[in-house]
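Engineer: Build me a model:
(chains A and B)
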Amino acid sequence: MTRAAAVRYDASGDPMERKASMDTPTHIPLHDDLRAVVGDDGLITQPEELLPYECDGLTVARVQPSAVVFPQDTAQAAAVIRVLNDHGVPFAPRGAGTSLSAGTLALRGAVHISTSRMNRVLETDLRNRQMRVQAGVINLHVSNAVAADGYFFAPDPSSQPACTIGGNVAYNSGGPHTLKYGVMVNHLLGVTLVTPEGEIVEAGGPAEDPVGYDLTGLICGSEGTFGLVTEVILRLMPSPEDHRTMLVVFDRTEDAINCVSDMIGEGIVPVALEFMDQMITRAVEDAYHFGLPRDAEAVLIIELEGLQAGLDRQADRVEEMCQRHGAVRVRRANSEQERLELWMCRKRAFGAIGRLSPSYITQDGVVPRTRLPEMLAYVAEVAREYDVRIANVFHAGDGNIHPIALYDERDPEQTKRVLRASAKILARAMALGGSPTGEHGIGLEKARQLAIMYNPDDLAAMRRLREVFDPDERANPGKVFGGEGVPEVFNEMAMAGD
Amino acid sequence: MIDDDAVIKRLERAIGPNRVLTGDSARAYGTNGFSPFVAVVPEDREQTAEVVRIASELHAGLVVRGGGTTLGWEPAPSGVVMSLSTERLREVVQHEPRDLTVTVEAGVVLGELNAMLASHRQRLSIDPPHADRATLGGISAANDSGPLRHRYGTMRDLTLGMEVIGAEGVVTHSGGRVVKNVAGYDMHRLHIGAFGSLGVITEMTFRLQPLAEAFRLVIVRCGDGEQAEQCIASIVGGRTQPVLMELVTPFGDAKMARDLGNGLVDPDGWTVVVGYEDCREAVAWQCEHLADGGSGAIPATASAEALDEVASTALYEAVREWPGQPAPVAFKATMKSSQVTAFHAWAGERGFRLLSHAANGIVYGRSDDPECVEAGEDLSAVAADGAGQLTWTSLPSGADVEIWRPARGDLPVMRRIKEAFDPEGIFAPGRWLDVM
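Structural biologist: Predicted structure coming up:
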């Protein structure tokens, strides 16, 4: 994706020319104090080193942090936060920067606290099916570490090879497999949180049902606004014995969606149910030549998993159901190789989109599964109204849409239209009884949508909870609730859709 | 000092005299050690909010009562307290079978909901004792659960959204009706397991599961704790995927053994009950695999027997209900699963009978002998060795023990939450952080 002319802001939220931040004085007392905690190699402050930290996966706005600090463990992180506190400087936690709602941008002069040096597995306890890790451990590494013993870690966002467990906690992440297994919070036993005061709180623990309020569940999904998560106790799942994977082609979108709803209504819960529309299918086909039809409206990838016993009968039932709903082709994977190939069609979707357009924005609204046909029709309508190309690839089983709006971020006018179209789509998702985000989080991008979804009393309760942890908004300022310093490009998200 | 009569008059004016009970009628809404001076039975959510507003205004303590099945858990409420019943909040607000979600009012009884859902071949997969009386609001407030938590989790995993009436009668919502939602904080998590100490739950939305084709139990008889641990460990790490795994140790109590499964449970033995729920073929294969005892599925010295469907259902129900039966002394302890058998052995020597959700590390103990309370400190220490805690759910009157041990390090944060959401301390006074 091009990073040409995205709107760039300084740490106070004003648009800036890149040169302005170049002349950093060499001795800043804050930096000296931070170096005293993490060592010389644990802090970066030079503008060119800070470039990768300007944005996350949502590239429409960039803010350069004044510094990035790399603590190695909970004690160092707490010391770092106390130093920042003494200097009155806020912080923004940062994992791998794969989030998609500008949730890591360093507003209000914030320093990034990166978890990338907190990347150790601290304890693996297979008897109790759990693992204690530092927050910077990469999601996929957890599954890899226990695969040979027959276990895996269920939450699987598409950024799995890069994203960190700490980031997964911040956004309560999910992915294709969460239809069956649930999201991050369902696989979390405890977290260690450093509060903005530098206090270390151990919420939850290795035992289930810890007495008291569910602090673990509250911290999960709080987008770094309660403090910095440094350690996490994860629940491991036994690996499934076997899979049945099929790719099903439908002429009509509606048939595909009805098929999904009926399947679930009849008690079959596949482990994954992924939908790709025509634009995606064509793009994937043109790029990778998997032999997908270019003229069909919808392709579903359906995966069942479990014990071998009975799995074939279930797969037969699914196939029958697809035929009944007018599937024009069902391709079953007959080997692990074929299974990986079918999945490759889905996993390459975003890459293929990159060939269609210099930039794209993905929203991830959620609607009740049965409202998907309405929702997709509306997405098409918005695409026409705003003259934006929108492709759809999403988790059909849980109603989590992912309209991908294609544009060129070098063109400010296009960027505006794309953001406004996004806001329209999210507004409709909420009106249909859904949510503006199922995975990406509110971040900086969707504070306006949060205020549509919840009434002022609901939001006041959320703010009250935030104040318990962070009364002065020092942890990830500006996120979730918006306010001072939010780049003005996100105003576009508030212009439409209300 | 609160003037009882003034409170009662105020309530009668607000929601009508027939909804406000006093004297013996009010006391019927209490439990051991808790005797409300007034019980209110609001007709709907608006009236419920009005009652909370009045309680806030008059600084009167308020304890919510659902089906009363966990109201007796220690500690009892204290101070001047009114009981607020959710028994009229009984509406199933929305059920969309093809979405596998349901929205209900807090007073809906679990058994009634699941009977309705069964006609769609669906279920809310939470199974605490007393499904015939336990309300969904109450189960949430107590974060109560049953054997099926091994596969489906607890209310914390099943709840998608909630409506709550907080201090001053302010109504708030969180979450939604979709299975995936990361917009804003999950405020409902505050209330699940909070024993009504932060507000009154009035509505909840849950994710549902389809009913499985088949359900059967395998019973594994072990000679001692060591063998039981080997058995649990090998099943946890083995090829089968149980939906429940219970450890039963009557320690000589013939009645407990009889109540649970006539002839199935040895009063002096260690019995592991393993449940499977899936399509017919998968259940049959798993039962066979375990009962055969082949390929190291269980230790060679243990013996396993697969039960038929009728016997499976009967034993499952008996095991599920056991923790809910009254006893003079009772506790719930939490710990790592690997600590469970050691804990059973310790508690057994000190006069307790025990049953646990063994793979989850949730242990229930009971005794008829009030002196057993003396063992509390040791027991907490053993639970703490497994990173857990002990909570008394029933105590003889006048027992001088700490309800929760050991105390948790995150208590200061919890206190700040309580102060932020209930500054006047009207919700469940005496029941929660007040005794820590």
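Engineer: Residue ranges in the chain under the pLDDT threshold?
Structural biologist: Going with chain A. Applying pLDDT under 70 to chain A picks out residues A:1-26, A:495-498.
Engineer: switch to chain B, that's the one I care about
Structural biologist: In chain B, residues with pLDDT under 70: B:1, B:293-295, B:434-436.
Engineer: Could you chop it up by domain?
Structural biologist: Structurally, chain B divides into domains by automatic domain parsing as follows: B:4-85, B:92-210, B:214-322, B:326-405.
Engineer: can you map out the helices along the stretch 151-300 of chain A?
Structural biologist: A:165-171, A:178-181, A:215-219, A:253-265, A:278-288 (DSSP state H, counting those that start in this stretch).
Engineer: Nearest to B:A342, out of those?
Structural biologist: helix A:215-219 (25.5 Å; Cβ to Cβ). All C-beta atoms are positioned from the backbone trio N, CA, C, and that covers glycine.
Engineer: re the thing from before, need the winner for burial among the domains of chain B.
Structural biologist: domain B:92-210 (a mean of 23; mean count of other Cβ atoms under 10 Å in any protein chain shown).
Engineer: what distance separates that domain from the middle of the whole chain?
Structural biologist: 13 Å (Cα atoms, centre = their mean, to the nearest Å).
Engineer: again with stretch B:26-39
Structural biologist: 21 Å.
Engineer: domain assignment for chain A?
Structural biologist: Split by automatic domain parsing, chain A gives A:121-238, A:242-352, A:357-438.
Engineer: and B:R13, how far is that from chain A?
Structural biologist: 25 Å (Cβ to the nearest Cβ, to the nearest Å).
Engineer: Could you grab the helix/strand/coil label for that residue?
Structural biologist: helix (DSSP: H, G, I helix; E, B strand; the rest coil).
Engineer: my read: B:G61 touches B:L84, true?
Structural biologist: No - between B:G61 and B:L84 there is no contact under Cβ atoms under 8 Å: 10.5 Å.
Engineer: Contacts only, for A:F152.
Structural biologist: Residues in contact with A:F152 (Cβ atoms under 8 Å, 6 or more residues apart in numbering or on different chains) are A:143, A:146, A:236-237, A:239.
Engineer: Revised request: answer the last question for B:E50.
Structural biologist: B:14-15, B:42, B:169.
Engineer: Next: B:L433.
Structural biologist: So B:L433 contacts A:212, B:197, B:411, B:414-415, B:418 (Cβ under 8 Å, 6+ apart).
Engineer: can you check A:H141 too?
Structural biologist: Neighbours of A:H141 in contact, by Cβ under 8 Å, 6+ apart: A:V121.
Engineer: Against chain B, how distant is it?
Structural biologist: For A:H141, the distance to chain B - Cβ to the nearest Cβ - is 21 Å.
Engineer: list the buried ones in the helix or strand harbouring that residue?
Structural biologist: Using DSSP states H and E, A:H141 falls within helix A:139-147. Going by neighbour count (16 or more other Cβ atoms under 10 Å in any protein chain shown), the buried part of helix A:139-147 is A:139-143, A:145-146.
Engineer: quick one: which of the residues you listed is nearest chain B?
Structural biologist: A:V146 (11.5 Å; Cβ to the nearest Cβ).
Engineer: That closest one: what's its closest spatial neighbour, skipping adjacent residues?
Structural biologist: With sequence-adjacent residues excluded and distances taken as Cβ to Cβ, 6 or more residues apart in numbering or on different chains, A:V146 is closest to A:L236, at 5.8 Å.
Engineer: so what's the backbone phi/psi at that neighbour?
Structural biologist: phi -100, psi 150 (degrees, to the nearest 10).
Engineer: Now do the contacts for it.
Structural biologist: So A:L236 contacts A:126, A:129-131, A:142, A:146, A:151-153 (Cβ under 8 Å, 6+ apart).
Engineer: Distance-wise, check it relative to A:G150.
Structural biologist: Look at A:L236 and A:G150: by Cβ to Cβ, to the nearest Å, they are 10 Å apart.
Engineer: Show the end-to-end separation of stretch A:99-107, please.
Structural biologist: From its first residue to its last, stretch A:99-107 covers 16 Å (Cα to Cα, to the nearest Å).
Engineer: and if you look at stretch A:339-353?
Structural biologist: 22 Å.
Engineer: How about stretch B:417-427?
Structural biologist: Stretch B:417-427: ends 13 Å apart by Cα to Cα.
Engineer: Does chain A have contacts with it?
Structural biologist: Yes - counting by Cβ under 8 Å from any Cβ of the partner chain, chain A has neighbours in stretch B:417-427: B:417, B:420-421.
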